[in-house]
Each structure stands twice: as C-alpha cells, then as structure tokens.
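Peer 1: after the sequence you'll find the predicted model.
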Amino acid sequence: METKELTHNEVKMTRQTALNFAAFLQSFDAWEKVEPKLPPLRPKFTNALVQNIVILEDVIDEYSKLQKKEKAHIQYEREKLALEKENAVKDEKGKPVSRGGNYWIENEREHAFDLHDLQEKHREAVDARQGYLDGEITLKLYTVERKYAPKTGFPTVTGNRFLAYFVVGEVEDEEPEEVPAIAPVPEEAAADA
C-alpha cells in the first residue's frame, strides 16, 4: 500500500480514547454493508484509515496483554459478565438477548446499582485499570485531506471528533441543497384542523 502522499499528525490522547478511536476506525469495515446508499470510501481515505489501524494495533495488543495478566481484574470482568447476563432481557428460551455485541439490559437503573456494588467490591482492580486507561499517549497518525473523507454518515459528535484526529483541511464550501417549497394548506383543510 502506497503511503507517500500521506502526512502525519502527532496527537495526544488517553489510552481509553485510543481504544475507542480504534473501534471507530474498524467500524468502516461495514461502511457499505450498513449504509449501502452511501458513496464508497475513497482510496486515499481508506489508505489513511488502514495505516492508522495498524498504528493503533500496538495500543490494542498492549491492552489485551494487560487484561490477560491481571488476575484481580479478570475476576471482576467475569463477575461483571455474569451480572450483565443476569440483568439482561431474556428470549423465549431464557437466553440473554444481545444487540451490538452487548447484552440488552432489562432495568438499566437496577443494573447501574448492581454494577456500582460490584465495582466497590473490586475497587483496587477497577482503579488500577482506570489509571492505565487514563494514561496519556502520543500517536503519530496518518492524515488525509478533508476532500477525501466521507461527507456524510457521521451524525454523532464522537464520530466527528475522531475524524478530526486524521482528517485535515478546511470544509469545502458547497452549494446548499435546494429545499422544496412547502405547499400552502388549502383554507378548507386549515379550518377542519
């Protein structure tokens, strides 16, 4: 893959943000499957995307190794998973229902209290993990000009913030879309309302 035209941008972020950023970038794998009406990703954008995923793999690998080593946190995660299964909506067969890779929690408020109690029980392990995730790192990300980035498909503030890490340049002025005029309501219909 040719990267000669790509430039770099040094970005500071927490490890947690880096992990979330990696998940955001990996979500582009499903771009055309999820949104078939959207235009395909441009090659220069895809190139920067792939290069940044490779850079973030070190952060993901480091986190995975840490997860496997911390026995106290492994126990916490096991109990957390069991709690999520217990509090999840069940299907006809009594199995927990999941959506988007997470269990669909029946009573969010009750689950939040249960989760808080579990976190208190494992406070030391939770704090150690959070301290690691809150640590700041500097990444040298590949950038791409804004004109190569998708113009649609990111309704969330988070998606736009993540794009800002590697999409550079000014927003191009575009002609505003013509909005169709609203037909006036006939007087008879307005009187009936």
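Peer 2: All right, it came through fine. What you see is a predicted model, and the numbers here were worked out from it, not measured in a lab. Numbers count the residues shown, from 1 in each chain.

Peer 1: ok, which stretches of this structure are strands?
Peer 2: Under the criterion DSSP state E, the chain contains strands at 7-14, 98-99, 102-103, 136-145, 167-168.

Peer 1: what strands line up against the second one, and which way round?
Peer 2: For strand 98-99, sheet partners with direction are given as strand 102-103 (antiparallel), following DSSP bridges.

Peer 1: tell me the mean pLDDT for the strand it pairs with?
Peer 2: For strand 102-103, mean pLDDT is 84.

Peer 1: starting at the chain centroid, how far to that strand?
Peer 2: Centre-to-centre, strand 102-103 and its host chain are 15 Å apart (C-alpha atoms, centre = their mean, to the nearest Å).

Peer 1: what's in contact with it?
Peer 2: With C-beta atoms under 8 Å, 6 or more residues apart in numbering as the test, strand 102-103 has contacts from 84-85, 87-89, 96-97. C-beta here means a position set from N, CA and C on the backbone, and glycine is covered the same way.

Peer 1: just the buried ones from these?
Peer 2: 84, 87-88, 96 (16 or more other C-beta atoms under 10 Å).

Peer 1: let's see which of these end up in helices.
Peer 2: 84, 87 (DSSP state H).

Peer 1: and the buried ones among the contacts of strand 102-103, which two are the farthest apart?
Peer 2: 87 and 96 (8.7 Å; C-beta to C-beta).

Peer 1: can you put the buried ones among the contacts of strand 102-103 in CSV and add distance to residue 29 and pLDDT?
Peer 2: Putting the buried ones among the contacts of strand 102-103 into CSV (distance: C-beta to C-beta, whole Å; pLDDT from 0 to 100) gives the following:
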residue, distance to residue 29, pLDDT
84, 25, 94
87, 30, 93
88, 27, 92
96, 26, 91
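
Peer 1: which one of the contacts of strand 102-103 sits closest to residue 116?
Peer 2: Nearest to residue 116 out of the contacts of strand 102-103 is residue 87 (C-beta to C-beta; 12.9 Å).

Peer 1: ok, the closest one - contacts?
Peer 2: 103, 105-107, 110-111, 114.
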